[in-house]
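Q: Predicted structure and sequence below. I'll ask about it afterward.
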Amino acid sequence: MENADKKEPLLATDWEIFFIAAVFLFLFWAVYPGEKIMNNALQENKNLDLTEIYLRNIAKKYPSSFEAHFALSEIYFRQGNVQKAVEALKPLNSLNDKKIAARRDLYAARALLFSLSEQNSIEISPKLRRYYCSESFMQLYEKEKYLMEYISVLNSNRLYPEAAAASIESMKKAPNFEYRKLCLNLYLKSLRAGNILKKEVNSIDLFANDFISDDEAANEILKAYLEAQRPDKASAFAQSVLKARKIL
């Protein structure tokens, strides 16, 4: 009896741990075949191979779950496998839904984007710009995220003039002021990345006055003029800003 009062920690065996984990994964699989799959996939950055296997099984078990197919396609993009990313969405081709069709178009454009190189840019760049500056793209919920991805890939391929031109065209078609500010920042970022800010500084004049009322954007434009060694333009713009605020 003297050992009956002694409390010892209960340790699970390896088999028990495996069994518990298997049950947990099964329940997760069974209960969350919808939007949470995409969310969890997007948050996973380390175990991409395991996530791919899991999502592949989900997509097979729930062939009509469009979220599973989009999540699987996203993982393939992260793995750098563009062909598989495209193939993952083929089961959705027969679905007649405008929202799903819009996302399919987005992922098709991203597949083209991730296939971009300096060698094929003359052929691919116009197609990409048409899509990313299109009305259908502007209606996407996460258009800001994907616009940044688009410009980033252009810059990573040293297509700085194209990135700048695409940013300007996007700015012209922007659905709201915040999106225009994003386009402005991406435009200036592309000019700086390509070391062509001084060469293209006159182009800033075309839209600078549109941002006079916004302190953050106005400061970025002033900074750009000064970086381009054009204090005359910086001074003229600063005066416009002050007049708009009725300080001058």
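A: Received it, and whenever you're ready, just let me know what you need.
Q: got the buried residues for the helix or strand containing Ala163?
A: Counting by DSSP states H and E, the element that carries Ala163 is helix 160-172. Within helix 160-172, the residues that count as buried by 16 or more other Cβ atoms under 10 Å are 160-168, 170-171. No exception for glycine: its C-beta is placed from N, CA and C like everyone else's.
Q: before we move on, what about stretch 150-162?
A: 150-155, 157, 159-162.
Q: can you check stretch 195-204 too?
A: In terms of neighbour count (16+ other Cβ under 10 Å), stretch 195-204 has its buried residues at 197, 200-201, 204.
Q: Return the member of those residues nearest to Tyr131.
A: Glu200 (24.0 Å; Cβ to Cβ).
Q: Secondary structure class of the nearest residue to Glu227 once chain neighbours are set aside, three-state.
A: Spatial nearest neighbour of Glu227, excluding adjacent residues (Cβ to Cβ, 6 or more residues apart in numbering): Leu197 at 5.8 Å. Look at Leu197: counting by DSSP: H, G, I helix; E, B strand; the rest coil, its state is coil.
Q: What pLDDT is listed against Leu197?
A: We have a pLDDT of 96 for Leu197.
Q: Same check on Asp210?
A: In this prediction, Asp210 carries a pLDDT score of 94.
Q: Low-confidence ranges, the protein, go.
A: Within the chain, the segments meeting pLDDT under 70 span 1-47, 248.
Q: go again using 50 as the cut-off
A: Low-confidence segments of the chain, defined by pLDDT under 50: 1-4, 29, 31-34.
Q: quick one: the helices in it?
A: Secondary structure of the chain, counting by DSSP state H: helices at 14-31, 35-43, 48-61, 66-79, 82-87, 98-114, 121-132, 135-138, 143-156, 160-172, 177-193, 201-204, 215-227, 231-244.
Q: Most tightly packed of those helices?
A: helix 66-79 (a mean of 23; mean count of other Cβ atoms under 10 Å).
Q: and it, what other elements does it pack with?
A: helix 35-43, helix 48-61, helix 82-87, helix 98-114 (3 or more Cβ pairs under 8 Å, 6 or more residues apart in numbering; DSSP states H and E).
Q: Roughly how far does Tyr132 sit from Ile122?
A: As judged by Cβ to Cβ, to the nearest Å, Tyr132 and Ile122 stand 17 Å apart.
Q: Ser213 now?
A: 39 Å.
Q: again with Lys145
A: Distance, Lys145 to Ile122, using Cβ to Cβ: 27 Å.
Q: Next: Ala174.
A: Counting by Cβ to Cβ - Ala174 and Ile122 are separated by 27 Å.
Q: Ile212 contacts Ala244, doesn't it?
A: Yes. Using Cβ atoms under 8 Å, Ile212 is in contact with Ala244, at 4.7 Å.
Q: Need the overlap of contacts for these two.
A: Shared contacts of Ile212 and Ala244, defined by Cβ atoms under 8 Å, 6 or more residues apart in numbering, are absent.
Q: Any idea how far stretch 199-212 is from the middle of the chain?
A: Centroid separation for stretch 199-212 versus its chain: 26 Å, with Cα atoms, centre = their mean, to the nearest Å.
Q: go on, stretch 89-107?
A: On the basis of Cα atoms, centre = their mean, stretch 89-107 sits 18 Å off its chain's mean C-alpha point.
Q: what's the answer for stretch 131-142, then?
A: Offset of stretch 131-142 from its chain centre (Cα atoms, centre = their mean): 12 Å.
Q: Stretch 183-192 now?
A: 16 Å.
Q: Find the nearest non-adjacent residue to Ala109, please.
A: Nearest one to Ala109, counting by Cβ to Cβ, 6+ apart, is Tyr131 at 4.5 Å.
Q: no no, Tyr225
A: The shortest distance from Tyr225 to any non-neighbouring residue, by Cβ to Cβ, 6+ apart, is to Ala234 (3.8 Å).
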